[in-house]
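> can you look at this prediction? I've put the sequence above it.
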Amino acid sequence: MKTDNQPTVLLVDGMALLFRAFYATSYGGYIMRTSGGLPTNAVYGFVKYFMDAVKRFRPTHVVCCWDLSGGSFRNEQFAEYKANRVDCPEELIPQFDLVKDVTASFGVPNIGIEGYEADDCIGTLSRLYGEEADVYILTGDHDMLQLVSDRVKVVIMKKGQGNYTVYTPEALLEEKGLTPAQIVDLKGLMGDTADNYPGVKGIGEKTALKLLAEYGSVDGILEHLPQLPRGVRAKIEAELDMLHLSRELARIRCDAPVACPLDGCAWAVDRHAVIAKFEELEFKGLQQLIG
C-alpha cells in the first residue's frame, strides 16, 4: 500500500488499448465518425478504457507508450517476426495520430522510439520509475508479465471495461506457477504464434511448464539434457539455435534509449484543453469522465 507521498506511475500500452477499443466498438459493423467523416470509434473507446484505469489506480503520473511503424531490431534478428500480422483495418489508420493528440490534450507524454517496440519503452521506464515510485503497467499483453517486480505491477485488461487482473510476483506465482524471468524462458521453449517465432518445434505449453517447474530455467534444462526423456532431448538438441533466438525475441529490453523524467509526466489535467479536444471530435458523453 502506497503512502500519501509515494508517487504512482501508470504506464499505458497505447496500441493494446487502441486495438481493443476499435474491435469492441466496431464488431457490429458500425464505425463512429465525426460529421466530416473522420472515424473516431477507437479513440472514443480508448478514452473510456484510459479514464477507467486512471480512476481505478489513481496514478500521480501517467505515460503512454506506442509502437512506431517500420518494425524493430527484432525484425533484424528474425525476418519472420510478426510477419503473420494482417493489415490493420482502414478505419483505424487515421486514428493512430488522432489518439496521440487526445492523450497529449490530457498532458500525457506519448513515447515511442524507432527500432524498438512499445514493450521496450515500457520495460525501460518501469525500471527507471520503479526506483522511486510504484508502477502499474496497463496492457492486454501477457508478455509484459516478465516485468513484474516488487515495485512494478502488470495490469492485464480482461473482457469488459473495468475488468482487470493485477499481477504481483506473488500473484503470478500463485496463478501460473512462474516467476517473471520464467515468462521469457516459457516463450523461448514454446514460441509465440502471435509474434510468429517458433520456439522448439514439438514442445508446447504443457511440456515447457513441466520442464521449467523441474529445472527452473532454459539454462537449467540445458545443463540436465542427458536426464531428459529421449524425445524431448532430441527436440531441444535439434532446435538449440532457435531456442536461444526465441528466448531473445521474447525478452523485453529494459535499456532502450528512452527518457521521460518523472516530473515531466505528472497527472495534472487541464480540463478546458480536454473538453476542447472532445468537442472537436464530437465526443458526446465523455466530459463527465474528467470531472
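Good, I have the coordinates. Keep in mind that this is a model prediction, so the values were computed, not measured.
> wait, residue 278 touches residue 289, no?
No - counting by CB atoms under 8 Å, residue 278 does not reach residue 289; the two are 9.4 Å apart. Where you see a C-beta, it was placed from the backbone N, CA and C, and this is true even at glycine.
> average pLDDT across the host helix or strand of residue 56?
Assessed by DSSP states H and E, residue 56 sits inside helix 41-57. If you average the pLDDT over helix 41-57, you get 96.
> could I get the buried residue list for that helix?
Using 16 or more other CB atoms under 10 Å as the test for burial, helix 41-57 gives 41-54, 57.
> repeat for stretch 191-203
By 16+ other CB under 10 Å, the buried positions in stretch 191-203 come out as 191, 192, 195, 197, 198, 199, 200, 203.
> what about those, which are in strands?
Among the buried residues of stretch 191-203, no member falls in strands (DSSP state E).
> nearest to residue 110, of those residues?
Nearest to residue 110 among the buried residues of stretch 191-203 is residue 195, at 23.4 Å by CB to CB.
> from residue 70, how far out is the residue nearest to residue 89 when sequence neighbours are not counted?
Closest residue to residue 89 apart from its sequence neighbours, by CB to CB, 6 or more residues apart in numbering: residue 22 at 6.9 Å. From residue 22 across to residue 70, the span is 21 Å (CB to CB, to the nearest Å).
> and those two? Which one has more around it.
residue 22 (23 against 8; other CB atoms under 10 Å).
> check contacts around that one.
Neighbouring residues of residue 22 by CB atoms under 8 Å, 6 or more residues apart in numbering: 41, 42, 45, 89, 91, 92, 95.
> distance of it from residue 150?
Residue 22 sits 35 Å away from residue 150, going by CB to CB.
> tally up the residues packed near the closest residue to residue 213 other than its chain neighbours, please.
Leaving aside its sequence neighbours, residue 213 sits nearest to residue 177 (CB to CB, 6+ apart; 6.5 Å). Neighbours of residue 177 under the rule other CB under 10 Å: 11.
> which element is residue 155 on?
strand 152-157.
> what helices or strands is whichever helix or strand comes after that strand leaning on?
Counting by DSSP H and E, the next helix or strand C-terminal to strand 152-157 is strand 164-167. Contacts defined by 3 or more CB pairs under 8 Å, 6 or more residues apart in numbering; DSSP states H and E place strand 164-167 against strand 152-157.
> list the helices and strands the strand it packs on packs on?
Judged by 3+ CB pairs under 8 Å, 6+ apart, strand 152-157 is in contact with helix 14-26, helix 41-57, strand 134-139, strand 164-167.
> before we move on, back to that, what about residue 278 and residue 289, which has more around it?
Neighbour totals were compared for residue 278 and residue 289, and residue 278 leads with 20 against 16 (other CB under 10 Å).
> mind listing what that one touches?
Counting by CB under 8 Å, 6+ apart, residue 278 makes contact with 286, 287.
> swap the cut-off to 6 Å and go again
Each residue near residue 278 by CB atoms under 6 Å, 6 or more residues apart in numbering is listed here: residue 286.
> and for the one 5 residues further on?
Contact criterion CB under 6 Å, 6+ apart gives residue 44 as the residues in contact with residue 283.
> domains of the protein?
8-173+252-290, 180-250 (automatic domain parsing).
> how far does stretch 174-190 sit from its chain's centre?
Offset of stretch 174-190 from its chain centre (CA atoms, centre = their mean, to the nearest Å): 16 Å.
> state the mean pLDDT of it.
97.
> in that stretch, what's buried?
178, 179, 180, 182, 183, 184, 185, 186, 187, 188, 189, 190.
> give me the subset of the residues you listed that lies in strands.
Going by DSSP E, the strands hold none of the buried residues of stretch 174-190.
> would you format those residues as JSON lines with distance to residue 225 included?
Listed next are the buried residues of stretch 174-190 as JSON lines, based on distance: CB to CB, whole Å:
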{"residue": "178", "distance to residue 225": "22"}
{"residue": "179", "distance to residue 225": "22"}
{"residue": "180", "distance to residue 225": "25"}
{"residue": "182", "distance to residue 225": "18"}
{"residue": "183", "distance to residue 225": "22"}
{"residue": "184", "distance to residue 225": "20"}
{"residue": "185", "distance to residue 225": "15"}
{"residue": "186", "distance to residue 225": "18"}
{"residue": "187", "distance to residue 225": "20"}
{"residue": "188", "distance to residue 225": "15"}
{"residue": "189", "distance to residue 225": "13"}
{"residue": "190", "distance to residue 225": "18"}
